[in-house]
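Chemist: Give me coordinates for this.
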Amino acid sequence: MQSRIFFLAGALALTLPACTTIGQTSEVTAEFSQAATSARIAAILAEQQAAWNSGDIDGFMQAYWRSPDLRFASGGSVTRGWQETRDRYHARYSNRALMGTLSFDALDVDVLSEEAAIVHGAWALQRDNDRPSGLFTLVFKRMDGQWKIVSDTTTSAD
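Modeler: Predicted coordinates for the structure are as follows:
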């Protein structure tokens, strides 16, 4: 009986480090995944910025979920739908002078899960006659292997 207890204790002692290693590995994998997700989302925002600064609103819109359920809140109103949001951008920024040069700053990417993330940041436009700026909160969801903005709340400091 005593030899069985020692055997079980020995077997348990050998398996505990393996369990700890497995747990640590999955934590490291989760951290790596969060870092990779944060980097991918930051790259999407860099692509948006580049498209905007090229005068390409349609390229800028590629980061958004192409759905009538897209939510865009700004200026005290909510626009629903990808097409409606695109039309709003085209109406408000109808030429390069109005578009100016866009920059994003103070990005804070919070990866909630493998399928969702929230991004907080600041935006600014540099134009000939003014420098509008503000804050934004973006909700990203991963759908069909791609990260898309499903909700955008943008405020203006002006």
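Chemist: quick one: low-confidence parts of the protein?
Modeler: Counting by pLDDT under 70, the ranges of the chain that qualify are 1-32, 158.
Chemist: How are the strands of it distributed by residue range?
Modeler: 71-74, 77-80, 101-111, 116-126, 133-143, 146-154 (DSSP state E).
Chemist: Determine which of those approaches Ala50 most closely.
Modeler: Using CB to CB as the criterion, the shortest distance between Ala50 and these is 9.2 Å, found for strand 101-111. (C-beta placed from N, C-alpha, C; glycine too.)
Chemist: quick revisit: so which of the strands of the chain is nearest Ala43?
Modeler: The stretch from the strands of the chain with the least distance to Ala43 (CB to CB) is strand 146-154; that distance is 9.4 Å.
Chemist: the inter-axis angle of that closest one versus strand 133-143?
Modeler: Angle, strand 146-154 to strand 133-143, by axes from the mean of the first three to the mean of the last three CA atoms, to 10 degrees: 150 degrees.
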